[in-house]
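# I would like the atomic coordinates for the input below:
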Amino acid sequence: MRHWMMAGVLAGALSLGACGGGGYGRGYGGGGYNVRTPPPPLRVEVYGNSPGRGFVWIQGNWAYRGNNYVWSAGRWDRAPRGRSRWEPGRWENRNGGWRWRDGRWR
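Okay, the predicted model is just below:
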C-alpha cells in the first residue's frame, strides 16, 4: 500500500512540475526557452477596486504552453514589504525568438 501512495505523490509532483515550467512568469518558472512567434497583444482587464489596503493589481499576461499562447488572468496581490512595487513580467525579443522575463517585487 505504501508503494502505491508514494507512486501517487510522485506522479502528482511530476504533473505539477510539468504545468509550471516553460518560460512564463508570475510564479510559473521563468525564461525557460525561446518561442518563435511573438505573443498576442495584452488584453484589457477590468479589475475594479482594491480588495484592501496594501494590495496591488498585477496585470495578466500571455503564457506559452504546449505550442500556444494562453491568457493568464491578472490578480490582486499584497506587496511583501511596505514600499515594494511590482515590476511586470514581459516578453523580450531575443536571438530571433521571444523569451519571458518574470515579473518581480522591488
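# buried stuff in stretch 99-106?
By neighbour count with 16 or more other CB atoms under 10 Å, stretch 99-106 contains the buried residues 99, 100, 101, 102, 103. Just so you know, the C-beta spots here come from the backbone N, C-alpha and C atoms, and that holds for glycine as well.
# could you export those residues to JSON lines, including columns for distance to residue 75 and secondary structure?
Listed next are the buried residues of stretch 99-106 as JSON lines, based on distance: CB to CB, whole Å; DSSP: H, G, I helix; E, B strand; the rest coil:
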{"residue": "99", "distance to residue 75": "23", "secondary structure": "strand"}
{"residue": "100", "distance to residue 75": "17", "secondary structure": "strand"}
{"residue": "101", "distance to residue 75": "19", "secondary structure": "strand"}
{"residue": "102", "distance to residue 75": "15", "secondary structure": "coil"}
{"residue": "103", "distance to residue 75": "12", "secondary structure": "coil"}
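# in a markdown table: those residues, plus pLDDT.
Shown next, in a markdown table, are the buried residues of stretch 99-106 (pLDDT from 0 to 100):
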| residue | pLDDT |
| --- | --- |
| 99 | 94 |
| 100 | 93 |
| 101 | 93 |
| 102 | 93 |
| 103 | 94 |
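# which residues does residue 85 contact?
Going by CB atoms under 8 Å, 6 or more residues apart in numbering, residue 85 touches 56, 79, 105, 106.
# same check on residue 54?
For residue 54, the contacting residues are 78, 79, 82, by CB under 8 Å, 6+ apart.
# closest one of those to residue 36?
Nearest to residue 36 among the contacts of residue 54 is residue 79, at 35.5 Å by CB to CB.
# and the closest one, how close does it get to residue 66?
33 Å (CB to CB, to the nearest Å).
# looking at those two, which one has more neighbours?
The neighbour comparison of residue 79 against residue 66 (other CB atoms under 10 Å) goes to residue 79, with 13 against 7.
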